[in-house]
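Chemist: Here is my input, please return the structure:
(chains A and B)
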Amino acid sequence: MRLSRFFLPVLKEVPADVQIVSHQLMLRAGMIRQEAAGIYAWLPLGLRVLKKVEQIVREEMDRAGAIEILMPTLQLADLWRESGRYEAYGDEMLRITDRHKRDLLYGPTAEEVVTDIFRASVKSYKDLPLNLYNIQWKFRDERRPRFGVMRGREFLMKDAYSFDLNEADARRSYNRMFVAYLNTFARMGLKAVPMKADTGPIGGDLSHEFIVLAETGESQVFCHKDLVEMGAPGPDVDWDGDLQPLVDQRTALYAATEEMHDAAAFEAVPEADRLSARGIEVGHIFYFGEKYSKPMKANVAGPDGSNAPVHMGSYGVGVSRLLGAIIEASHDENGIIWPDAVAPYDVSVINLRTGDAACDAACEQAYAAINAAGKAALYDDRDERPGGKFATADLIGIPRQIVVGPKSLAEGNVELKIRATGERSTLPLADALKSVGA
RNA sequence: CGGAGUGUGGCUCAGUCUGGUAGAGCACCGCGUUCGGGACGCGGGGGUCGCAGGUUCGAAUCCUGCCACUCCGACCA
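Modeler: Numbers count the residues shown, from 1 in each chain, chains lettered A, B, ... in the order given. Sure thing, here's the model as predicted:
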């Protein structure tokens, strides 16, 4: 993309009351624009990152055997009356009436819809296990939206729903999602720690929140510090095999959010290993058994001829929230530092003297070579002063910058800058291209 | 939902107390000088001062009502 033809409304200033750094940087980098409280328009740069994050989530879901569908944003109130949640959900649910005076709602989650889809078509244990997911916009009319996309009212969520014959099978489905989440967040450069979460009236131990540690996090969390650096198993796990050891490895160490915090158990952790910190919840997995299948009569036949409610679990990832979490975890005083996997562009080409024949030619060559290599290049070909170009490049956080100016070019060189380290080197264009993979 | 605030060109804000020709910086347009880490000069365009009503010779400014947004607390991907 040539910057002269792009739409990148960067800002030098943001409102004084925008406190959180990820929110400031997303506004300044021209990624989002607020349209109403907790409601944002996604501008081109933000949308590119959002799609990259979404795609990583999708790939890891697919790898773990989940199957993508797309459910509507608007749902029928009658479905929620079946589950009993229409009245229970309260003011957070945005209720809508259509021209026929029929009650609709903008979905805050999709257990009812997915259960309806399931019960219409699946009648036998032979079709299990099944895990259906979608990545769709949700709306929750939060009392107080804040922190930009971290707590918006409208947000993009990946929500997966597993269906199994019994609790033992459901635990295997749960474990697949547990491991998939470890891999998902690791691919984005995040250190997300699974922590014991509240299971509410269902009880049991099958609920975990995945928490990214950050000073600006909304949750107070407590864990064994080894969990932070434990890393992810990677894609080569046996998804049909026993994942319990991988899960046990993480759940054996203490980790809990404030609601589930057990001070006595935490005290049992050696003091040097205790970590008390703030965190951002980026994922939540949950087994809830027959909570929806029973009232909604989503039954399956078992091998013994029985007919019983299917056992379900749900698994959420805050896709739009992840952008905020990534920026909170990776930025400096100059702007965002995108991890390679989610960067909106791989390389920026900066022309310090647009209009200079030699500079233009070298930049065009670099731009073409990077694109031909299958990388995404953002070419700053604007007629602007160099300072502004450097500032913009650092602000929007492209991982690598190839800087072409008349002085070094006269000696046959360009400058290569690595955004994350600030490291700069002077070298021939061909070498710079090679080092960015072009 | 309780408490505290803020609404003035695209953005950040002053002006409101004490009513009297709507301002600054940034951004934008033109010309020129510039150009290796957010340049400078000169000129220019752009605002029903959140909305409605009221007081007044006269309202961004005072009064009433409404709306929107932000911040602090209790709930949540």
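Chemist: how about the helices in the stretch 1-150 of chain A?
Modeler: A:21-28, A:44-63, A:77-83, A:85-88, A:111-121 (DSSP state H, counting those that start in this stretch).
Chemist: where among the ones you listed is the average confidence lowest?
Modeler: Mean pLDDT values for those show the minimum at helix A:85-88, a mean of 89.
Chemist: tell me which residues of that helix are tucked away?
Modeler: A:85-86 (16 or more other C-beta atoms under 10 Å). Just so you know, the C-beta spots here come from the backbone N, C-alpha and C atoms, and that holds for glycine as well.
Chemist: go on, stretch A:156-170?
Modeler: A:156-165, A:169-170.
Chemist: Please tabulate those residues in TSV and include pLDDT and secondary structure as additional columns.
Modeler: Listed next are these as TSV, based on pLDDT from 0 to 100; DSSP: H, G, I helix; E, B strand; the rest coil:
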residue	pLDDT	secondary structure
A:156	96	strand
A:157	97	strand
A:158	97	strand
A:159	97	strand
A:160	97	strand
A:161	97	strand
A:162	97	strand
A:163	98	strand
A:164	97	strand
A:165	97	coil
A:169	97	helix
A:170	96	helix
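Chemist: TSV please, covering the helices of the stretch 1-150 of chain A and showing distance to residue A:419.
Modeler: Output for these, formatted as TSV (distance: least, C-beta to C-beta, whole Å):
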stretch	distance to residue A:419
helix A:21-28	13
helix A:44-63	14
helix A:77-83	47
helix A:85-88	46
helix A:111-121	41
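Chemist: what's the burial count for the residue nearest to residue A:161 when sequence neighbours are not counted?
Modeler: Nearest residue to residue A:161, sequence neighbours excluded (C-beta to C-beta, 6 or more residues apart in numbering): residue A:114, at 4.5 Å. Neighbour count for residue A:114, taken as other C-beta atoms under 10 Å: 23.
Chemist: do residue A:9 as well
Modeler: Residue A:9, neighbours per other C-beta under 10 Å, totals 14.
Chemist: just residue A:209 next, same as before
Modeler: Neighbours around residue A:209, by other C-beta under 10 Å: 26.
Chemist: contacting residues for the closest residue to it other than its chain neighbours?
Modeler: Closest residue to residue A:209 in three dimensions, ignoring its sequence neighbours and counting by C-beta to C-beta, 6+ apart: residue A:197, at 4.2 Å. With contact taken as C-beta atoms under 8 Å, 6 or more residues apart in numbering, residue A:197 is in contact with A:207-209, A:257, A:259-260, A:284, A:286.
Chemist: how about the buried residues of stretch A:156-170, which pair is most distant?
Modeler: Spatially, the most separated pair among the buried residues of stretch A:156-170 is A:156 and A:165, at 31.8 Å (C-beta to C-beta).
Chemist: Where does pLDDT dip in the stretch 251-400 of chain A?
Modeler: Applying pLDDT under 70 to the stretch 251-400 of chain A flags no residue at all.
Chemist: Next, format the contacts of residue A:197 as TSV and append distance to RNA strand B and secondary structure.
Modeler: TSV is the format used below for the contacts of residue A:197 (distance: C-beta to the nearest atom of the strand, whole Å; DSSP: H, G, I helix; E, B strand; the rest coil):
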residue	distance to RNA strand B	secondary structure
A:207	9	strand
A:208	10	strand
A:209	6	strand
A:257	10	strand
A:259	7	helix
A:260	12	helix
A:284	4	strand
A:286	7	strand
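Chemist: before we move on, back to that, next, the contact list for the residue nearest to residue A:161, please.
Modeler: A:69, A:71, A:132, A:161.
Chemist: Tell me how many other residues surround the closest residue to residue A:67 other than its chain neighbours.
Modeler: Sequence neighbours aside, residue A:132 is the residue nearest to residue A:67 in space, at 5.6 Å (criterion: C-beta to C-beta, 6+ apart). By the criterion of other C-beta under 10 Å, residue A:132 has 18 neighbours.
Chemist: List buried members of the contacts of residue A:197 by neighbour count.
Modeler: A:207-209, A:257, A:260, A:284, A:286.
Chemist: would you list every one of the helices in the stretch 251-400 of chain A?
Modeler: Under DSSP H, counting those that start in this stretch, the stretch 251-400 of chain A gives helices at A:263-267, A:319-329, A:357-372, A:386-396.
Chemist: Give me whichever of the helices of the stretch 1-150 of chain A is most buried.
Modeler: helix A:21-28 (a mean of 22; mean count of other C-beta atoms under 10 Å).
Chemist: For that one, name the packing helices and strands.
Modeler: strand A:32-36, helix A:319-329, strand A:331-332, strand A:335-336 (3 or more C-beta pairs under 8 Å, 6 or more residues apart in numbering; DSSP states H and E).
Chemist: who in the stretch 151-300 of chain A is up against RNA strand B?
Modeler: A:151-153, A:155, A:157, A:209, A:218-219, A:281-284 (C-beta under 7 Å from any atom of the strand).
Chemist: wait, doesn't residue A:406 sit right on residue A:360?
Modeler: No. With contact defined as C-beta atoms under 8 Å, residue A:406 does not count as touching residue A:360 (10.8 Å).
Chemist: Assign residue A:195 to helix, strand or coil.
Modeler: strand (DSSP: H, G, I helix; E, B strand; the rest coil).
Chemist: what's near enough to touch the nearest residue to it once chain neighbours are set aside?
Modeler: Nearest residue to residue A:195, sequence neighbours excluded (C-beta to C-beta, 6+ apart): residue A:255, at 4.2 Å. Counting by C-beta under 8 Å, 6+ apart, residue A:255 touches A:193-196, A:221-224, A:227.
Chemist: Show me which pair in the residues you listed is furthest apart.
Modeler: Largest pairwise distance in the contacts of residue A:255, by C-beta to C-beta, is 13.3 Å, between A:194 and A:222.
Chemist: how close does the residue lying closest to residue A:262 once chain neighbours are set aside sit to residue A:199?
Modeler: Nearest residue to residue A:262, sequence neighbours excluded (C-beta to C-beta, 6+ apart): residue A:256, at 6.6 Å. Per C-beta to C-beta, to the nearest Å, residue A:256 is found 12 Å from residue A:199.
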